[in-house]
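Enquirer: Mind looking at a prediction? Sequence and model below.
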Amino acid sequence: MPFINSIFTPKDEQEGQSPLEIDTQHEEGFQQVQNHISPLENHTNTMTSNNITLLNTTAKRLQSSTADGLSAIEELKSTMESIAAAAEESSGAAEESLGATNEIKANSSTILKMSMSATQNIQKLEDSIAKASQKITESSENMLRIAKSAEHVSDVGERLSVAGEEISQTVNLITKLAKRTSLLALNAAIEATRAEEKGKSFSVMAKEIRALSSKSNSYAQEIKTVVEDIQANVKNVQTSIVDTKTLVENASSNASNNASSMKELIAKLIEIVQNVSRSLEEFQELDNEIVKMQLSAETIASAAEESAGAVSEVTQTISMQATAFTQSDSAAKMLEALAHKIAQNSDDETIVDDLASAAEELSSAIEEIENSMAQSMIALNQIEEAGEIAQDDAKRSSEIAKKANTITKTVTQTVAEVSQAIEAIQESFKKNVSSITQAGKDSKKNLIESEAIHKEAKQIKKSIKYLKKILRKIELTIVQTAALSINGSVEAMRVGELGEGFSVVSNDIRNLAENSEQSLDQINDIIDNLEDETESIIEAIDKMQLIGVKEAETLITLANDMDENTQEIASNVETFRKIDQKLKEIQSALEQTQIASEQTLTAASLALSNAQESKVAAQHITSMSQTMAENVSELIEVAALLKDE
């Protein structure tokens with residue numbers, strides 16, 4: 001205090017004044033000093049008291065602020081723990097969702113490949129069945145041609161049977177004529193005996209005529225036997241051909257039904273291809289939705305990771321802030337203690353220096369709080385932004401999962417319908433294959449039957465040739481008989497009256513020979529026609545065999561091809577069963593994804609709420625730090641004032 005010190009300086013003493021003068025002057029000076037110092041001391045004491053009061057008030061404010069700050073720090077720490085837990089839960093849910101979507105994506109890709117492969121197989125199968133249907137239709141038409149040939153053979157057989165009856169009747173007539181001729185020859189022998197010597201030639205002729213008549217009768221009996229054999233062969237042909245015709249007609253009808261069934265199968269396959277194509281379009285949409293789900297899951301995982309990083313950063317700054325607030329609290333308590341000391345001894349400059357040092361320490365701690373809170377606010381903004389992103393993507397992922405689940409159910413229903421249709425086709429196709437296989441066996445059986453008919457027809461043809469040979473012999477005997485009758489008539493004329501009886505007999509024999517010749521001509525006509533008809537049977541059977549061999553081979557090959565198609569159908573049935581299983585796995589994964597999305601949404605909402613609460617706490621801490629900074633500024637001013645005092 002220079003001013004106070006200058007008042008007490010002994011100037012009179014320095015100037016050589018007497019003690020009395022000095023005392024007198026001293027008393028006067030003291031009075032003057034006393035008059036000057038009393039107001040100054042009062043002013044100084046008032047200033048010190050006010051500063052100490054301000055110091056105590058500021059210290060208490062600082063202690064209160066640090067207590068509030070530490071409380072806010074604890075609150076912030078608690079919300080950070082909640083955010084960290086939410087981030088961990090969100091991350092786990094995101095990983096689960098991502099795993100589920102990856103599984104869905106893999107199954108989706110597998111289903112798309114399987115569906116496309118099944119569609120191609122069904123289209124090939126459709127083409128194969130169309131070709132098989134065409135072959136079956138052609139086979140049915142060929143069988144009808146065989147049936148018509150068989151019908152022709154049956155009709156010819158009827159005519160052959162009638163012809164055989166006609167031949168038998170004519171042969172019976174020839175036999176009767178032969179017997180009458182034999183009787184006439186006997187009469188001729190009697191007439192020859194009556195003519196005695198002149199009838200010797202008549203006797204020879206009568207004997208020859210009886211011999212020829214006997215031959216004719218024998219030949220007629222042989223013809224009758226051959227005709228019976230022919231009729232037996234014809235009967236066999238008729239019986240076999242009727243069986244063949246029935247079998248072929250049934251086979252043709254079955255083939256026609258199979259062809260119709262095949263066409264129905266083709267229509268169903270076309271419908272299946274359309275359904276599968278529609279499913280592929282729907283599944284392509286599902287595949288696109290799954291890609292969106294993957295992106296959402298990745299975004300959520302990234303947001304959770306970013307949030308976790310921000311939480312870690314805030315947690316570190318919280319520790320620093322807690323330390324800074326603790327230091328601030330200690331400094332505030334020190335200020336309170338220093339204020340008490342200053343009140344007791346205001347002239348102690350070391351106390352004032354300690355006060356200034358404490359104020360500086362507080363200022364540094366508050367600055368650290370403000371800086372760290374600025375960093376915390378940035379991190380909290382990141383957490384809030386990550387929470388909003390996670391929340392939005394979780395909502396979007398949940399909606400996508402619901403939509404994908406709806407699509408999956410629709411596709412599952414379509415696949416179930418397709419599977420049922422293919423299984424029905426499989427059963428129908430098996431029946432068709434069985435029917436075609438049986439048709440092939442029946443064709444082989446027909447070939448065996450037709451071969452037997454062919455042999456019978458050949459035997460008929462052989463019998464006809466033999467019959468014609470016998471007829472030529474009969475014809476020869478008739479000609480010889482006619483010639484003898486003419487010779488008998490000539491001889492009777494030569495003999496005269498004795499030959500009249502022989503002449504009558506000769507004329508009768510000639511008439512019988514002419515009648516026999518007419519009958520023989522009828523038989524020849526019948527046999528010629530019989531031969532032609534038999535040839536037509538052989539030709540018809542040859543045609544039946546030719547078509548039958550081809551059809552048997554075609555049907556057997558077709559049955560084998562259709563059997564391979566049956567295996568392809570079975571493969572498609574198995575494919576759609578696998579697709580159905582994959583769809584069930586997708587549905588299960590979608591349910592997991594939806595649950596994970598809901599968990600993520602809950603965690604994100606909690607994190608967002610905690611982040612907003614943390615921002616409020618951080619803003620409160622920032623506000624307190626600003627207030628504390630103002631208090632510290634006041635402290636620094638008080639310290640400066642006290643130092644100046």
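Expert: Happy to help now that I have it.
Enquirer: the helices in this structure, which residues?
Expert: Assigned by DSSP state H, the chain shows helices spanning 2-7, 11-14, 19-194, 200-344, 349-495, 500-644.
Enquirer: list the contacts for the residue lying closest to L530 once chain neighbours are set aside?
Expert: Closest residue to L530 in three dimensions, ignoring its sequence neighbours and counting by C-beta to C-beta, 6 or more residues apart in numbering: A163, at 4.9 Å. From N, CA and C alone the C-beta is placed, and that goes for glycine too. By C-beta atoms under 8 Å, 6 or more residues apart in numbering, A163 lies in contact with I526, N529, L530, E533.
Enquirer: now those residues as a markdown table including pLDDT, distance to S623 and neighbour count?
Expert: Below are the contacts of A163 laid out as a markdown table (pLDDT from 0 to 100; distance: C-beta to C-beta, whole Å; neighbours: other C-beta atoms under 10 Å):
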| residue | pLDDT | distance to S623 | neighbour count |
| --- | --- | --- | --- |
| I526 | 86 | 137 | 19 |
| N529 | 89 | 133 | 14 |
| L530 | 85 | 132 | 27 |
| E533 | 87 | 127 | 21 |
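Enquirer: which two from those end up farthest apart in space?
Expert: Farthest-apart pair in the contacts of A163 is I526 and E533; separation 10.1 Å (C-beta to C-beta).
Enquirer: that older thread, nearest to E417, of the contacts of A163?
Expert: E533 (60.7 Å).
Enquirer: Tell me who's in contact with that closest one.
Expert: Residues in contact with E533 (C-beta under 8 Å, 6+ apart) are V156, R159, L160, A163.
Enquirer: Out of those, which end up buried?
Expert: Among these, those buried by neighbour count (16 or more other C-beta atoms under 10 Å) are V156, L160, A163.
Enquirer: what's the closest of these to K245?
Expert: Among the buried ones among the contacts of E533, V156 lies closest to K245 (C-beta to C-beta), at 12.8 Å.
Enquirer: Make CSV from the contacts of A163 and add distance to N258 to it.
Expert: CSV is the format used below for the contacts of A163 (distance: C-beta to C-beta, whole Å):
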residue, distance to N258
I526, 45
N529, 41
L530, 41
E533, 36
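Enquirer: how about the nearest residue to the spatially most central residue of the chain, chain neighbours excluded?
Expert: Closest to where the C-alpha atoms of the chain average out (C-alpha atoms, centre = their mean) is S115, at 3.9 Å. Leaving out its chain neighbours, the residue that sits closest to S115 by C-beta to C-beta, 6+ apart is L280, at 5.4 Å.
Enquirer: Report pLDDT for the one you found.
Expert: We have a pLDDT of 74 for L280.
Enquirer: who's in contact with it?
Expert: Contact partners of L280, counting by C-beta under 8 Å, 6+ apart, are L112, S115, M116, T119.
Enquirer: Please report which of those residues has the highest neighbour count.
Expert: Of all these, S115 has the most neighbours under the rule other C-beta atoms under 10 Å, reaching 21 neighbours.
Enquirer: mind checking how far it is from E491?
Expert: 110 Å (C-beta to C-beta, to the nearest Å).
Enquirer: residues in contact with V153?
Expert: Contacts of V153 by C-beta under 8 Å, 6+ apart are V237, I241, I453, I537, A540, I541, M544.
Enquirer: how about a cut-off of 7 Å?
Expert: Applying C-beta atoms under 7 Å, 6 or more residues apart in numbering, we find V153 in contact with V237, I241, I537, A540, I541.
Enquirer: Now do the contacts for the residue nearest to L635 when sequence neighbours are not counted.
Expert: Of all residues not flanking L635 in the chain, A359 sits nearest, at 4.2 Å (C-beta to C-beta, 6+ apart). Residues near A359 by C-beta under 7 Å, 6+ apart: V632, L635, I636, A639.
Enquirer: In TSV: these, plus distance to T225, pLDDT and neighbour count.
Expert: Formatted as TSV, the contacts of A359 follow (distance: C-beta to C-beta, whole Å; pLDDT from 0 to 100; neighbours: other C-beta atoms under 10 Å):
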residue	distance to T225	pLDDT	neighbour count
V632	151	80	26
L635	156	76	27
I636	157	78	16
A639	161	73	24
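Enquirer: Of those, just say which sits nearest to A304.
Expert: Closest approach between the contacts of A359 and A304, by C-beta to C-beta: V632, at 40.1 Å.
Enquirer: Would you quantify the distance from that closest one to Q626?
Expert: Taken as C-beta to C-beta, the span from V632 to Q626 is 11 Å.
Enquirer: Ok, I579 next?
Expert: According to C-beta to C-beta, I579 and Q626 sit 67 Å apart.
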